[in-house]
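Asker: Here's a sequence, model it:
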Amino acid sequence: MTDRRRRTAPSRRKAPVRRHGRTRQITPRTHWLLLSVLAVTLSTALLLQGYTHHMFGISPDDVTGARGRNDAVPARVTHGGPVIANAASSAHTVRVRDRTIALTFDDGPDPVWTPRILDVLRRDHVRATFFVVGTEVVDHPDLVRRMIADGHQIGIHTFTHPDLARLAPWQRSLELRETQLAVAGAAGVTTALLRPPYSSSNAALDDADWSVLEQADQAGYVTVLSTQDAEDWQRPGTARIVANATPHGHAGQVLLMHDGGGDRAETVAALATLIPRLKARGFRFATVGAAVGMAGPVQRAGLGDHLQGLALITVLWTGDWVVWLLGVLMYAAGAISVLRAAVVLIAARRHRRLRSGRRGRSWGPPVTEPVSVIVPAYNESAGIEAAVRSLIASDHPVEVIVVDDGSSDGTADLVESLRLPGVRVIRQENAGKPAALNTGLAAASCELVVMVDGDTVFEPDAVRTLVQPFADPRVGAVSGNAKVVNRGGLLGRWQHIEYVVGFNLDRRLFDLAECMPTVPGAVGAFRRRALLDLGGVSDVTLAEDTDLTMALCRDGWRVVYEEGAVAWTEAPASLNALWRQRYRWCYGTLQAMWKHRGALVQRGAAGKLGRRGLVYLLLFQVLLPLLAPAVDIFALYGLVFLDPLRIAGLWLAFLLLQLGMGLYAFRLDGERPGPLWSLPLQQFVYRQLMYLVVIQSVFTAVSGSRLRWQRMERYGSLQAPPAAPQAGHRQPVPHDTTQWY
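Answerer: Coordinates of the predicted model:
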């Protein structure tokens with residue numbers, strides 16, 4: 001390590017004063033409104049897309065289930081013609097003229113078969129009627145426009161091809177209206193012709209079917225059934241289709257064929273034979289309207305219907321694109337998460353072997369020099385005694401400097417009343433945690449400095465273990481192992497899991513990759529001269545520990561993780577307190593990342609921080625959490641509309657992956673795995689809270705606002721260790737953490 005020019009010590013500078021005019025409390029509301037609108041919009045698009053593409057779908061044109069009674073069907077309809085009008089009032093039917101074939105096609109348009117059928121019809125100068133499915137119209141509007149341009153008529157065949165008799169009235173209306181709008185948006189026309197899916201001849205109508213026809217009549221539709229079925233949907237062979245479609249005698253027919261819903265190669269081939277053969281027998285081909293003398297069943301759509309239809313098509317196209325994009329993102333996120341898990345676990349195993357195995361390397365000669373411990377304190381009376389007593393009980397020589405940052409709860413008085421040897425109290429006006437740390441740094445008499453939060457209790461060997469890496473002159477800072485002491489309840493267990501699995505596994509990876517972004521304020525050690533070279537602790541971010549660590553990395557120092565240096569800290573005991581803490585952490589981390597973005601293009605230690613540490617933080621602590629709401633919504637979409645077993649299986653696989661990581665991390669940290677039973681529940685509350693914190697932080701940062709420091713509530717769950725020995729007679733304290741937590 002090259003010598004660094006000593007800068008002015010913080011003690012010679014006036015402590016910075018908070019300027020409240022610059023740091024106003026931020027309570028942004030518009031971004032939550034925007035997020036809600038986006039979530040509702042995404043959910044609506046997915047619901048519509050799921051309904052239209054996965055709720056029903058085209059299936060073989062056989063009747064779904066046995067038909068019921070037909071008492072409500074008028075006899076004149078049962079024995080009448082295939083075109084039925086005024087079903088809701090005075091129903092009447094119309095037959096096709098003799099020697100006339102009303103050629104009709106269901107289930108299209110299809111991008112493969114409809115163009116081929118249209119080519120055959122154009123070659124033979126035949127006009128037909130196409131009963132289109134709304135979802136196919138949305139996907140292939142150009143084919144509907146070609147049908148109209150070629151002189152064919154359009155009828156509707158519902159939007160998703162369900163059995164209308166089995167739907168509620170409101171669903172029937174929705175099916176008909178959506179299809180009409182799709183046609184209006186695609187081709188600029190509306191139609192009065194309807195053919196219900198799974199319908200056949202008049203004689204097959206039952207009471208449920210008749211209720212559909214009555215409702216359709218009230219909506220302005222004329223129902224078109226069939227008198228002759230080519231049964232091409234069964235794909236019996238070209239010759240059989242031709243035989244089924246050939247009339248017996250000279251009576252006019254409404255011939256049912258298909259241009260979609262499957263492979264229609266036999267239909268295309270059959271048409272090429274059937275049309276010339278029937279023409280040779282004296283039959284003519286016409287649309288349904290022309291075959292029965294109906295005037296203008298297809299009309300130009302009004303401007304309102306056309307615009308609504310275009311909007312519907314746009315929404316469904318957008319939904320398709322969103323589903324595709326979310327699918328890609330989910331697979332990408334899943335792959336990245338699996339890769340991260342593998343890398344983190346491999347790194348953790350290697351880190352353990354390097355630190356404690358037989359092949360582990362030694363940092364150098366034991367570090368025995370005394371250490372200055374700085375405890376910044378603001379209203380820490382609930383836990384400061386336990387913290388200070390644990391420090392002076394260390395089995396390593398320490399001086400403890402408590403910097404009271406303008407407390408109003410008697411924190412300084414409490415520490416002074418203890419009259420503990422080796423403990424100094426410095427009082428200052430409230431200026432913030434960075435200023436308190438700088439005050440302590442100026443007063444420190446040792447080259448090695450440990451910084452401790454006022455709600456943290458050290459184990460007796462923590463300080464000694466924490467400073468051993470300083471035997472390596474390249475090491476400028478060391479991160480210790482912070483553990484949660486208040487683990488009661490689900491929230492405590494979840495944070496305990498997060499500390500052990502999330503934070504500590506990541507620190508092992510960062511240590512190996514030489515890109516440690518954060519030495520936690522709860523337990524961290526530093527070289528004093530390294531901090532002085534940086535000008536002390538900066539107050540420009542809310543995550544002063546992350547900012548300081550990144551600055552050290554960019555200055556060429558190595559930052560390492562010492563898992564054996566254990567300290568116990570209080571975690572938030574309520575969701576509100578957890579939100580405030582994590583909001584400050586996340587927002588401060590974003591500030592630090594932005595401040596040190598230049599590391600991305602630097603070389604050496606700074607480049608490792610930038611291209612490894614910052615990229616890792618950006619990917620896994622910013623981008624993936626931002627995608628989490630969409631992933632959750634898409635998962636619900638998959639459970640409802642896709643394969644629920646597959647979605648549940650994927651979720652279970654990721655849960656097992658997390659459980660495996662948890663078991664290994666708990667083993668590395670010497671923790672009992674019992675709390676891991678709550679891991680599945682963590683996915684439904686804690687995870688959502690964490691990604692909402694990220695969203696709030698990102699919006700606050702993008703808005704250019706600054707967040708004020710938010711102090712966590714103290715609960716006094718830490719207990720003081722046994723009384724410290726007299727000055728000059730400090731002895732090692734037995735390793736029994738149950739004495740104070």
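Asker: what residues are up against the spatially most central residue of the chain?
Answerer: For the chain, the residue nearest the mean C-alpha position is Ala628 (2.0 Å; Cα atoms, centre = their mean). Contacts for Ala628 (Cβ atoms under 8 Å, 6 or more residues apart in numbering) come out as 687-688, 691. Every residue, glycine included, has its C-beta placed from N, CA and C.
Asker: ditto for Thr191
Answerer: Counted by Cβ under 8 Å, 6+ apart, Thr191 has contacts 153-156, 180, 183, 297-299.
Asker: circling back: need the three-state assignment for the residue nearest to the centre of the chain.
Answerer: At Ala628 the chain is in helix, as set by DSSP: H, G, I helix; E, B strand; the rest coil.
Asker: Please report how far it lies from Asn202.
Answerer: Distance, Ala628 to Asn202, using Cβ to Cβ, to the nearest Å: 55 Å.
Asker: swap in Arg281?
Answerer: To Asn202, Arg281 is 25 Å away according to Cβ to Cβ.
Asker: cool, Phe470 as well?
Answerer: Separation of Phe470 from Asn202 (Cβ to Cβ): 94 Å.
Asker: my guess is Val560 contacts Gly480, does it?
Answerer: No - counting by Cβ atoms under 8 Å, Val560 does not reach Gly480; the two are 10.6 Å apart.
Asker: Between those two, which is the more surrounded one?
Answerer: For the pair Val560 and Gly480, the greater number of neighbours falls to Gly480 (28 against 23), based on other Cβ atoms under 10 Å.
Asker: That one - nearest residue in space that isn't next to it in sequence?
Answerer: Nearest non-adjacent residue to Gly480, counting by Cβ to Cβ, 6 or more residues apart in numbering: Val523, 3.3 Å away.
Asker: Quick check: which helices or strands does the top helix by length along the chain pack against?
Answerer: Longest helix of the chain, by residue count under DSSP state H: helix 303-356. Helix 303-356 is packed against helix 30-50, helix 134-139, helix 169-187, helix 504-513, strand 558-569, helix 624-641, helix 644-668, with contacts defined by 3 or more Cβ pairs under 8 Å, 6 or more residues apart in numbering; DSSP states H and E.
Asker: residues making contact with the fourth one?
Answerer: Contacts of helix 504-513 from elsewhere in the structure, counted by Cβ under 8 Å, 6+ apart, are 343-345, 347-348, 350-352, 354, 479, 481, 516-517, 560-561, 563, 608, 612-613, 616, 661, 665, 668-669.
Asker: If you count neighbours, what's buried in the helix or strand of the chain with the lowest mean pLDDT?
Answerer: For the chain, using mean pLDDT, DSSP states H and E, the weakest element among its helices and strands is helix 30-50, scoring a mean of 75. Buried positions in helix 30-50, judged by neighbour count with 16 or more other Cβ atoms under 10 Å: 42, 45-50.
Asker: Convert it to PDB, retaining C-alpha atoms only.
Answerer: What follows is helix 30-50, C-alpha atoms only, in PDB (Å, rounded to 0.1, in the frame of the first residue of the first chain):
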ATOM      1  CA  THR A  30     -48.100  10.600  -6.500                       C
ATOM      2  CA  HIS A  31     -45.800   7.600  -7.100                       C
ATOM      3  CA  TRP A  32     -48.000   5.400  -5.100                       C
ATOM      4  CA  LEU A  33     -51.000   6.600  -7.200                       C
ATOM      5  CA  LEU A  34     -48.900   5.900 -10.300                       C
ATOM      6  CA  LEU A  35     -47.900   2.500  -9.000                       C
ATOM      7  CA  SER A  36     -51.500   1.600  -8.200                       C
ATOM      8  CA  VAL A  37     -52.600   2.800 -11.700                       C
ATOM      9  CA  LEU A  38     -49.900   0.700 -13.300                       C
ATOM     10  CA  ALA A  39     -50.800  -2.400 -11.200                       C
ATOM     11  CA  VAL A  40     -54.500  -2.000 -11.900                       C
ATOM     12  CA  THR A  41     -53.800  -1.500 -15.600                       C
ATOM     13  CA  LEU A  42     -51.500  -4.500 -15.800                       C
ATOM     14  CA  SER A  43     -54.000  -6.600 -13.900                       C
ATOM     15  CA  THR A  44     -56.800  -5.600 -16.100                       C
ATOM     16  CA  ALA A  45     -54.800  -6.300 -19.300                       C
ATOM     17  CA  LEU A  46     -53.800  -9.700 -18.000                       C
ATOM     18  CA  LEU A  47     -57.400 -10.500 -16.900                       C
ATOM     19  CA  LEU A  48     -58.600  -9.600 -20.400                       C
ATOM     20  CA  GLN A  49     -55.800 -11.400 -22.100                       C
ATOM     21  CA  GLY A  50     -56.400 -14.500 -19.900                       C
END
